[in-house]
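Engineer: Model the following, please.
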Amino acid sequence: MNFPEELKYTKDHEWVKIEGDIATIGITDFAQRELGDIVYVEVETIGDTIEAGEVFGTVEAVKTVSDLFMPVTGEVIEFNEELESSPELVNESPYESGWMVKVKISGELPSDLMDAAAYAELIGE
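Structural biologist: Just a heads-up that it's a prediction; the model follows:
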């Protein structure tokens with residue numbers, strides 16, 4: 001499985017790429033494989049400030065619906081609109097074209113964000 005070194009990861013299988021005060025967030029390669037074929041991504045929190053650990057949306061696969069948990073505290077400023085017509089991008093490219101939201105970070109980064117090695121260990125890779 002693929003876990004880019006430049007990203008941080010959560011125990012809930014989200015990844016976060018931090019560039020200045022902007023965080024790009026999606027789900028990991030492991031998460032999309034566990035969910036199966038993604039058919040819908042719902043994020044209705046644009047413009048909302050979400051605390052780290054709170055739900056910011058849901059992802060629906062053929063057999064299940066799963067909550068998406070915010071890895072950092074901040075304001076949701078952008079949704080990847082390509083996912084509205086092509087939710088399968090999450091399966092095909094979870095770290096590039098399958099990103100879900102961008103967030104303007106407020107406050108400190110949570111101390112429980114993991115690097116790629118710690119995340120791989122968490123899932124038994």
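Engineer: Report the beta-bridge partners for the spatially most central residue of the chain.
Structural biologist: The C-alpha lying nearest the average C-alpha coordinate of the chain belongs to residue 26 (CA atoms, centre = their mean; 2.3 Å). Partner residues in beta bridges with residue 26, using DSSP bridges, are residue 15.
Engineer: Now for it: which residues touch it?
Structural biologist: For residue 26, the contact set (CB atoms under 8 Å, 6 or more residues apart in numbering) comprises 14, 15, 90, 94, 95, 98, 99, 100. All C-beta atoms are positioned from the backbone trio N, CA, C, and that covers glycine.
Engineer: what do you get if the cut-off is 7 Å, keeping everything else the same?
Structural biologist: By CB atoms under 7 Å, 6 or more residues apart in numbering, the contact list for residue 26 reads 14, 15, 94, 95, 98, 99, 100.
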